[in-house]
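Peer 1: The following block contains a protein sequence and its predicted model.
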Number of protein chains: 4
Amino acid sequence: MTVRAAVAGASGYAGGELLRLLLAHPHVEIGALTGHSNAGQRLGGLQPHLLPLADRILEETTTEALAGHDVVFLALPHGQSAAVADRLGPDTLVVDMGADFRLKDPADWEAFYGSPHAGTWPYGLPELPGARTALEGSKRIAVPGCYPTAVSLALFPAYAAGLAEAEAVIVAASGTSGAGKAAKPHLLGSEVMGNMSPYGVGGGHRHTPEMIQNLSAAAGERVTVSFTPTLAPMPRGILATCSATARPGVTGETLRAAYEKAYADEPFVHLLPEGQWPATASVYGSNAVQLQVAHDPAANRIIVISAIDNLTKGTAGGAVQSMNIALGLPETTGLSTMGVAP
Amino acid sequence: MTVRAAVAGASGYAGGELLRLLLAHPHVEIGALTGHSNAGQRLGGLQPHLLPLADRILEETTTEALAGHDVVFLALPHGQSAAVADRLGPDTLVVDMGADFRLKDPADWEAFYGSPHAGTWPYGLPELPGARTALEGSKRIAVPGCYPTAVSLALFPAYAAGLAEAEAVIVAASGTSGAGKAAKPHLLGSEVMGNMSPYGVGGGHRHTPEMIQNLSAAAGERVTVSFTPTLAPMPRGILATCSATARPGVTGETLRAAYEKAYADEPFVHLLPEGQWPATASVYGSNAVQLQVAHDPAANRIIVISAIDNLTKGTAGGAVQSMNIALGLPETTGLSTMGVAP
Amino acid sequence: MTVRAAVAGASGYAGGELLRLLLAHPHVEIGALTGHSNAGQRLGGLQPHLLPLADRILEETTTEALAGHDVVFLALPHGQSAAVADRLGPDTLVVDMGADFRLKDPADWEAFYGSPHAGTWPYGLPELPGARTALEGSKRIAVPGCYPTAVSLALFPAYAAGLAEAEAVIVAASGTSGAGKAAKPHLLGSEVMGNMSPYGVGGGHRHTPEMIQNLSAAAGERVTVSFTPTLAPMPRGILATCSATARPGVTGETLRAAYEKAYADEPFVHLLPEGQWPATASVYGSNAVQLQVAHDPAANRIIVISAIDNLTKGTAGGAVQSMNIALGLPETTGLSTMGVAP
Amino acid sequence: MTVRAAVAGASGYAGGELLRLLLAHPHVEIGALTGHSNAGQRLGGLQPHLLPLADRILEETTTEALAGHDVVFLALPHGQSAAVADRLGPDTLVVDMGADFRLKDPADWEAFYGSPHAGTWPYGLPELPGARTALEGSKRIAVPGCYPTAVSLALFPAYAAGLAEAEAVIVAASGTSGAGKAAKPHLLGSEVMGNMSPYGVGGGHRHTPEMIQNLSAAAGERVTVSFTPTLAPMPRGILATCSATARPGVTGETLRAAYEKAYADEPFVHLLPEGQWPATASVYGSNAVQLQVAHDPAANRIIVISAIDNLTKGTAGGAVQSMNIALGLPETTGLSTMGVAP
């Protein structure tokens, strides 16, 4: 089986990582690559690490360019995916790596993104309860945000098992590629090296409602989320430190058992042995998730820490994993659980 | 006025930063420099950035070497300061940069450090209520830990003003110099660059009881602390993200007002203008603390974020600031609020 | 075809990178993994990025452990490979990732390594003239040093084509993994981040005679090499800036033509389009070599710059590439020319 | 004595470093701060590390704003300094941190900068023969480029002492602040972290003629320079590896003696003890220059390596040092030879 895949938005970081994975995917043939401001340029100049595609030329993102593919990946600015998807027809598998189809509640969408809600597609985080089934055979996939991937996988088992109170406190550190490739002064190397700084503090980050949606579904009640993202001096990786008040009777053992059970059959989520802690370097370039759990009896909180690569499991790897499910391929096809370290 | 200062433990990171500050201090003359495994070596080979002291030779840490100074700074392993201090006599100002005299409760000390409690000295965080007065004229100073400095300054005003419930959740990122200069595999550059990882999760970090002590004193009741430290790929700096449930009626305005009042006259603590967030790079090599506050109404939490340089305000700068007070010098003498950036 | 491979020295950086590549190699089954001080430990604690091998236990490096494999990779300290290889017998493919069998001249070996010369094996840099043929069917392979790989590929075409005088000046920057995983103070993250520093200046680096050997063979005369290695604040990568006086009549065009010809059929060496310069980030984790050439008429020098990943093409990737040739497999099997970037 | 200083171009990296130094200078009062696109903004938002100036507002760069100061520092784009300087009058000390007045040969200027030559001012590298005298009492100063500072101090003693042939080969690594604060995609943190890459290869960098000018003056004959700059993953620092063919009879001893003599009385240039090598981290934020020399008999080259902070000794520190001389102040006033490390 070979599917022909197009990538709209091939010059950015998400697009580049997706192409790296698709090049190694045994059932994918890479078709059209499109861009906007970079249309007409060689990919070799834009993504110099993708030598096998160096001589490909970016096309404009048009319906014509994207037509005739089995799968179309969209890495477009927020709000642009619906119009493109509509024109591609219902038989094309459309994988949206943007935010447009992630949120179920139109009020959430409008409050955080400020434009009309486009709808909701099957959610590309197969590890969540029910998500894998919804992806099977689907022709539309909404790839989760990078922070919601790290946070939801860290906390949903605790909520699903009734171990945590419905208020989560999350502080996450992200590598700079999460902020994209647009040149902004605060993202200059001179500014970010040797520097940790927060942003979107106090509930303003757009990924907050997505986390609330996922955790509330697992808990069966509305979970509040205090989310503080920070920018770390590294190109890739998310380390999410997640905690919540422990419900009465929770111990380190019950907590660990819940996670062992939740992830026993998951190929990409690894609950580390006791005493070993996640590290973003260990999942660099891989689709793996490293998790560890702890119970702090003095503070009466459970703490779950996850490490992912924001571009791989957090974006492009999650997209490929979900595509595999939608197409009926083995879920791990073309994906690795080996990081590039040190 | 000129005081003659000795430094025991001059080859480490805390000792090196202290020497950098003392060299710029107009009232300090640098006397004996001692070490243990490095005794007999040129300082130029151990601290190549301190060119004015390059030809100084480290002595063994003995009473003889340290005697005859007005001030003796101790940067020694835990548990060694008491014996040295006893032999220096009551007229020498002894500034302990280790943990030995920070904790008031012997049970806390024994639980976290595993040795007999040595006592409690005036605490070198002058911004805490009552601390400055206790330092004036004192001949003994216990310099706070780096994390407790960042966290206590972030949260004590909220507790002192009754704005926060008595449970704090803290996630802090530290540069690698906080882990010291001893060569350990997980601290190699190959391991830490491009990497974020946690340690001491679940209440085990030794700085936890020190935070509880400070915040409980401000709150007038026992405050629980969930503290997760993480190691960030940078040499220096601590970014502490601190939050607690807001008490009823708290708003962004009442919160901000409490911090403006608490720090109105403090020369080193800067509450940033609204919309600007702390960054560790901005306090690199300086004694400044950058703070910002937020209220998240959806999660009903207050969030306070602080940035310090762990080696300066977090260790050596705090030591010099406290020494200045003890000696009756202007508190800011020899200290800067300008970071070295970018 | 499936070959069973053992790795002696599986806990270090070279061994870890080799395992990452072998796990992705379709014809390799991973057999014994051995170590010395780490024998008895789980690989998951030593190489936390290699999740598929996390539960494997390191054995002691003994003849018994290594026997019964088709291929044995040696990542041992200098001087230990010969004894191990002798006991493995002539039918086992032994790939030495150490220096023991690289140098032809015993005097060079003794001058730079200080022990008796063990011999010379076919040299695992297939792109050099004659090297590929010597590797075909061989049962012994000496993998080149990382710097000699970067430098020889940068300069041999100029010497082979008679374009450069027989004196080369080379300054190379290496990531810290090139210095290994042994914990040494000057390799701590606190020391290397934000820092560039040279070492082995003035001809003392052990890779110098290996470069001279390769370039002299290409030139047909003795080439002198001034080599200055520097340590760069990054985990991986070598950027080698190589220059030599241009022979009369050389122009940018003749220079470029020589390189286009030399590398026209090489799958891993990429002469970049004019105007694009090599970057170590672009070859991160890949077996690719990026090259660019320039002629400076004012200084009358040719400048060739190469970028490789020191652990991949510079060590483990070169080992796998050479193994493929020795075993009669397609040379690129299991190897990638895509870097993990950004 | 107090001089009132204005800074034109206060929002960039050179301007920010200059302000950091001027704030610590006992004889300087900071007057007008001007910018172009940032005029009207608080300095606290633009230079968040300069807390003492946080509430200052940038003015437009006009003659009115800059008038009435004793010293005016210009950190402007190339080609704009002459017009501003002309309007400031001959009694104002004008210190140009741009390139406009560095080159003596109009043909060099026009070839590398493409605009008419504005003239030549006394050159702000006091360590060069004759330079200090020319600066005394001068009302105009041309601050050298950062690379020429590192390279000229590394090599001029060898040329002045007749130890080196008139062809120098230089490879230098620079931190990213050398490329300025304008947001360009290749300078993003995501691009530069973990990456070494060259630029301006083959003689094209604008600092090349400035190096040739300085070295030729020392040699008494035209010195050719092959200069390759590389971008290193660090915010600050230049490590320059400089070499040249040794003249007959040169030994390590004669070489070292020449440098000891040249720098015996220089307060900022430190020839390190034998066996210790320069490191950019050691001069971070300081005006010091660390140097080491070597003779490679096999390659018959002398190698001299220098480390500076590109923003301090390489720009703003050199400017203050030269200002001190011009004003008759002790040369080291307000400047430090202590780096901020680790």
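Peer 2: That came in fine, so what should we check first? Not measured: the values here are computed from a predicted model.
Peer 1: now the worst-scoring helix or strand of chain A on mean pLDDT: how far from the chain's centre is it?
Peer 2: Every helix and strand in chain A was compared by mean pLDDT, DSSP states H and E; the lowest is helix A:81-88, with a mean of 92. In terms of Cα atoms, centre = their mean, to the nearest Å, the centre of helix A:81-88 is found 21 Å from the chain centre.
Peer 1: What of stretch A:310-329?
Peer 2: 9 Å.
Peer 1: Same question for stretch A:233-241.
Peer 2: 13 Å.
Peer 1: what's the average pLDDT for it?
Peer 2: Averaging pLDDT along stretch A:233-241 gives 98.
Peer 1: you'd agree residue A:284 is up against residue A:309?
Peer 2: Yes - at 5.9 Å, residue A:284 counts as touching residue A:309 under the criterion of Cβ atoms under 8 Å. (C-beta placed from N, C-alpha, C; glycine too.)
Peer 1: Neighbour count for these two, which is higher?
Peer 2: Using other Cβ atoms under 10 Å in any protein chain shown, the more surrounded residue of residue A:284 and residue A:309 is residue A:309, with 32 against 29.
Peer 1: Next up, the contacts around the more buried one.
Peer 2: Applying Cβ atoms under 8 Å, 6 or more residues apart in numbering or on different chains, we find residue A:309 in contact with A:236, A:237, A:238, A:280, A:283, A:284, A:285, A:286, A:287, A:317, A:339.
Peer 1: In helices, which of these fall?
Peer 2: Among these, DSSP state H puts residue A:317 in helices.
Peer 1: Any chance you could note which residues of the stretch 101-250 of chain A sit beside chain D?
Peer 2: Residues of the stretch 101-250 of chain A lying close to chain D by Cβ under 8 Å from any Cβ of the partner chain are A:175-177, A:179, A:181, A:183-185, A:187-194, A:233-235.
Peer 1: can you list contacts of the least confident helix or strand of chain A?
Peer 2: The set of residues external to helix A:81-88 that reach it, using Cβ under 8 Å, 6+ apart, is A:8, A:61, A:63, A:66-67, A:72, A:74, A:76, A:94, A:96, A:98, A:100-101, A:118-119, A:140.
Peer 1: Repeat that for stretch A:119-126.
Peer 2: A:82, A:95-96, A:100-104, A:131-132, A:134-135, A:138, A:140-144, A:148-149, A:152-153, A:214, A:318-319, A:321-322, A:325, A:331.
Peer 1: Chain C contacts on the stretch 151-300 of chain A?
Peer 2: A:177, A:181, A:193-194, A:235-236, A:270, A:272-273, A:276, A:279, A:281-286, A:288, A:290.
Peer 1: what about 7 Å?
Peer 2: A:177, A:194, A:235, A:270, A:273, A:276, A:279, A:281, A:282, A:284, A:285, A:288 (Cβ under 7 Å from any Cβ of the partner chain).
Peer 1: separation between the fifth one and chain B?
Peer 2: Taking Cβ to the nearest Cβ, to the nearest Å as the measure, residue A:273 falls 14 Å from chain B.
Peer 1: residues near the closest residue to that residue other than its chain neighbours, how many?
Peer 2: Spatial nearest neighbour of residue A:273, chain neighbours left out: residue C:44 (6.9 Å); criterion: Cβ to Cβ, 6 or more residues apart in numbering or on different chains. A count of nearby residues for residue C:44, using other Cβ under 10 Å, gives 20.
Peer 1: Quick check: residue C:44 touching residue C:54?
Peer 2: Yes - with contact defined as Cβ atoms under 7 Å, residue C:44 counts as touching residue C:54 (3.1 Å).
Peer 1: So which residues of the stretch 151-300 of chain A form helices?
Peer 2: A:189-192, A:208-219, A:252-263 (DSSP state H, counting those that start in this stretch).
Peer 1: Same check on the stretch 1-150 of chain A?
Peer 2: Using DSSP H, counting those that start in this stretch, helices in the stretch 1-150 of chain A cover A:13-23, A:43-46, A:63-66, A:81-88, A:106-113, A:131-135, A:146-160.
Peer 1: Same list, those helices, but as a markdown table with distance to residue C:252 please.
Peer 2: What follows is the helices of the stretch 1-150 of chain A, written out as a markdown table (distance: least, Cβ to Cβ, whole Å):
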| stretch | distance to residue C:252 |
| --- | --- |
| helix A:13-23 | 31 |
| helix A:43-46 | 20 |
| helix A:63-66 | 37 |
| helix A:81-88 | 45 |
| helix A:106-113 | 52 |
| helix A:131-135 | 54 |
| helix A:146-160 | 44 |
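Peer 1: Who are the contact partners of residue A:221?
Peer 2: Counting by Cβ atoms under 7 Å, 6 or more residues apart in numbering or on different chains, residue A:221 touches residue A:166.
Peer 1: Chain neighbours aside, what residue packs nearest to residue A:251?
Peer 2: residue A:295 is the one closest to residue A:251 (Cβ to Cβ, 6+ apart), at 6.1 Å.
Peer 1: Dig out what residue A:239 forms beta bridges with.
Peer 2: Beta-bridge partners recorded for residue A:239 (DSSP bridges): residue A:173, residue A:307.
Peer 1: sorry, back to before: show me how to select, in ChimeraX, the buried members of the residues of the stretch 151-300 of chain A next to chain C.
Peer 2: Here is the ChimeraX command that picks out the buried ones among those, judged by 16 or more other Cβ atoms under 10 Å in any protein chain shown:
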select /A:177,194,235,270,276,279,281,282,284,285,288
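Peer 1: tell me the two of the residues of the stretch 151-300 of chain A next to chain C that are most distant?
Peer 2: The span of these, defined through Cβ to Cβ, is set by A:194 and A:273 at 32.8 Å.
Peer 1: Retrieve the pLDDT associated with residue A:89.
Peer 2: pLDDT at residue A:89 comes out at 88.
Peer 1: Apologies, that question was intended for residue A:312.
Peer 2: 98.
Peer 1: Against chain C, how distant is it?
Peer 2: 9 Å.
Peer 1: how close does residue A:133 get to chain C?
Peer 2: 26 Å.
Peer 1: Around that residue, how many other residues sit close by?
Peer 2: 12.
Peer 1: Relative to residue C:224, how far out is it?
Peer 2: 69 Å (Cβ to Cβ, to the nearest Å).
Peer 1: what's the answer for residue A:318, then?
Peer 2: Distance from residue A:318 to residue C:224, by Cβ to Cβ: 54 Å.
Peer 1: same check, this time on residue A:86
Peer 2: 68 Å.
Peer 1: of these two, who's got more company?
Peer 2: residue C:224 (20 against 12).
Peer 1: Kindly state the beta-bridge partners for that one.
Peer 2: Applying DSSP bridges, one finds that residue C:224 bridges with residue C:167.
Peer 1: before we move on, back to that, mean pLDDT lowest where, among the helices of the stretch 1-150 of chain A?
Peer 2: Among the helices of the stretch 1-150 of chain A, helix A:81-88 scores lowest, at a mean of 92.
Peer 1: which residues touch the closest residue to residue A:18 other than its chain neighbours?
Peer 2: For residue A:18, ignoring the flanking residues on the chain, the nearest one in space by Cβ to Cβ, 6+ apart is residue A:316 at 3.9 Å. With contact taken as Cβ under 7 Å, 6+ apart, residue A:316 is in contact with A:14, A:17, A:18, A:21.
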